[in-house]
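A.B. asks: this one's structure only:
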Ligand SMILES: Nc1ncnc2c1ncn2[C@@H]1O[C@H](COP(=O)(O)OP(=O)(O)O)[C@@H](O)[C@H]1O
Ligand SMILES: O=P(O)(O)O[C@H]1O[C@H](CO)[C@@H](O[C@H]2O[C@H](CO)[C@@H](O)[C@H](O)[C@H]2O)[C@H](O)[C@H]1O
């Protein structure tokens, strides 16, 4: 199964292909969970790269597309060039019923007229073409399929698309590997590959080591498009486990402590592998400005935040005061979006951390900056709170116990307890809760009360983020 046939390079072919898909993609894209531009009509597409992986003259065709999606401008916001998305478009005469959920539409004009196009990741054969390309280190047009020569990839593993709600799309091969295809992509180094590779070099066992990855070279830009990792078979994620224990009325302190230890192991390895910096007054001021700016934007986007704005801002002001008094902090590379759903427990009880992409809405340069490790800790503390406030009735004592156990576990490995830095912890917990309010308002409005309950707590003037 050799994936490459020919790269569609002639701009005529590329633009004809995209023109024929245009009306179908306009309707289909905004319905995808991973489409970040929801709420603004799609006004057009520009191809960034179009690569033919299987010619559409047989039973099945397959195109790899990077497309810039143009959308109506946000009133008052500066013009935006449009986000770039990775699509795998399958082409068939007709879709078998099992592929109905993958339907993009029926093409009426152009070279594919009369064919049906669909999201090819739902289909075994195209997904297997990708694995085979990684296994054989294929190069097709600007696509570079690469792998770690020290790890073996067995041929013929059967593919299935993961159905979990995701920011990207993942395919599992056998029970051996998982391939994450990034959907919204930007040129440059992607931390979702960079950090697991760095951790693997350090021998850190808390993160599955990348086995293979896909790059695209387009003009002078390099995009990271996909990462293949060993699949932790039979794993449960921390979120599922926490909810299960909550429903049974069980505490989660032992697991929370193990998670604190795992987080500290990853932080310690990252601090060894990649540069650390000292944050002084100027850097802290700019951090506080960033937090304050995000709060102001969030209040605009979600007016329910307005009554708490002053109280929340006081968390950032307290940090600014400490910085003005000359306090400094060490910053290092961190996970950047750590929560219970990013922690996997294997059947043997070992925890792994996954998804080092950072908060998808933040610019890449910001996501790759060294930051105080307390940022990840705050994310996990928020997550225990999330679980406790999604339960009926809410279980604040459960969250309190987990938060304390997590900090203790962290201190056992890192040698410093995050609770000894309450001002920084509160500032980061507040920043995260504000992010979550915006995230939930945009993606899952029914969940908005969960981060809003934390906002009410964090906005109290004498509040320190005491777990
Ligand atoms: N190495 C792995 N082993 C087993 N399951 C995994 C692995 N990596 C990811 N997963 C599963 O895939 C889901 C999505 O992965 P994630 O990296 O969080 O993607 P996204 O950025 O799209 O949210 C996770 O919640 C987890 O259930
Ligand atoms: O995992 P992603 O990178 O897609 O992260 C985004 O989605 C998360 C939800 O799926 C969101 O996390 C929030 O909800 C979780 C429960 O579903 C909870 O455990 C987290 O603490 C809470 O932040 C995450 O913020 C967002 O970036």
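C.D. replies: Yep, it's here. Every value quoted in this text rests on a predicted model; they were computed, and no experiment measured them. Ligands and ions are numbered 1, 2, ... in the order given.

A.B. asks: and the next element down the chain from the helix or strand harbouring residue 133?
C.D. replies: Per DSSP states H and E, residue 133 falls inside helix 124-135. Sequence-wise, the next helix or strand downstream of helix 124-135 (DSSP H and E) is strand 139-140.

A.B. asks: report the mean confidence score over the helix or strand just after that next one.
C.D. replies: Downstream of strand 139-140, the next assigned helix or strand under DSSP H and E is strand 143-147. For strand 143-147, the mean per-residue pLDDT is 98.

A.B. asks: now the helix holding residue 133: average pLDDT?
C.D. replies: The pLDDT scores in helix 124-135 average 97.

A.B. asks: and the angle from it to strand 143-147?
C.D. replies: Relative orientation of helix 124-135 versus strand 143-147 (axes from the mean of the first three to the mean of the last three CA atoms, to 10 degrees): 70 degrees.

A.B. asks: roughly how far does residue 111 sit from ligand 2?
C.D. replies: 36 Å (CB to the nearest ligand atom, to the nearest Å). To be clear about C-beta, it is placed using only N, CA and C from the backbone, and glycine gets the same treatment.

A.B. asks: how close does that residue sit to residue 57?
C.D. replies: 10 Å (CB to CB, to the nearest Å).

A.B. asks: likewise residue 401?
C.D. replies: The value you get for residue 401 to residue 57, if CB to CB is used, is 62 Å.

A.B. asks: quick one, which of those two is more surrounded?
C.D. replies: Shown here are residue 401 and residue 57; by other CB atoms under 10 Å, residue 401 has more neighbours (18 against 9).

A.B. asks: you'd agree the more buried one is in a helix?
C.D. replies: Yes: with DSSP: H, G, I helix; E, B strand; the rest coil as the criterion, residue 401 is located in a helix.

A.B. asks: picking up where we left off before, buried residues in the helix holding residue 133?
C.D. replies: Buried residues in helix 124-135, counted by 16 or more other CB atoms under 10 Å: 126-135.

A.B. asks: residue nearest the centroid of this protein?
C.D. replies: Nearest residue to the geometric centre of the chain (CA atoms, centre = their mean): residue 357, 4.9 Å.

A.B. asks: hey, where'd the helices end up in the stretch 101-250 of the chain?
C.D. replies: Using DSSP state H, counting those that start in this stretch, the helices found in the stretch 101-250 of the chain span residues 124-135, 191-201, 238-247.

A.B. asks: got the contact list for the helix or strand hosting residue 455?
C.D. replies: Assigned by DSSP H and E, residue 455 belongs to helix 449-458. Contact with helix 449-458 is made by 304-305, 308, 311-312, 315, 382, 385-386, 389-390, 394, 426, 429-430, 433-434, 436-437, 440, 463, 465, as judged by CB atoms under 8 Å, 6 or more residues apart in numbering.

A.B. asks: now residue 298: which helix or strand?
C.D. replies: helix 281-301.

A.B. asks: next secondary structure element downstream of that helix?
C.D. replies: Note on helix 281-301: by DSSP H and E, the next helix or strand toward the C-terminus is helix 309-324.

A.B. asks: check which element follows that following helix along the chain.
C.D. replies: On the C-terminal side of helix 309-324, the nearest following helix or strand under DSSP H and E is strand 329-331.

A.B. asks: that older thread, what mean pLDDT does the helix holding residue 455 have?
C.D. replies: Regarding helix 449-458, the rounded mean pLDDT is 96.

A.B. asks: that one and ligand 2 in contact?
C.D. replies: No: judged by CB under 6 Å from any ligand atom, helix 449-458 stays clear of ligand 2, getting no closer than 7.5 Å.

A.B. asks: over to stretch 174-194?
C.D. replies: No: Stretch 174-194 lies out of reach of ligand 2 by CB under 6 Å from any ligand atom, never closer than 9.8 Å.

A.B. asks: just the terminal-to-terminal distance for that stretch.
C.D. replies: End-to-end span of stretch 174-194 (CA to CA, to the nearest Å): 25 Å.

A.B. asks: in that stretch, what counts as buried?
C.D. replies: Result for stretch 174-194 [16+ other CB under 10 Å]: buried residues 176-185, 187, 190-194.

A.B. asks: domain parsing for the chain?
C.D. replies: 6-230, 236-464 (automatic domain parsing).

A.B. asks: now the phi/psi pair for the residue nearest to residue 218 when sequence neighbours are not counted, please.
C.D. replies: Closest residue to residue 218 apart from its sequence neighbours, by CB to CB, 6 or more residues apart in numbering: residue 49 at 4.9 Å. Residue 49 adopts backbone torsions of phi -160, psi 140, taken as degrees, to the nearest 10.

A.B. asks: ok, now residue 211?
C.D. replies: Given degrees, to the nearest 10, the pair of backbone angles that residue 211 has is phi -100, psi -40.

A.B. asks: show me what contacts it?
C.D. replies: 134, 147-148, 151, 153, 177, 228-230.

A.B. asks: what about 7 Å?
C.D. replies: 147-148, 151, 153, 177, 228-230 (CB atoms under 7 Å, 6 or more residues apart in numbering).

A.B. asks: name the element the closest residue in space to residue 396 that isn't next to it in sequence belongs to?
C.D. replies: Counting by CB to CB, 6+ apart, residue 396 lies nearest to residue 388, which is 5.9 Å off, once chain neighbours are set aside. Secondary structure assigned from DSSP H and E places residue 388 in helix 374-390.
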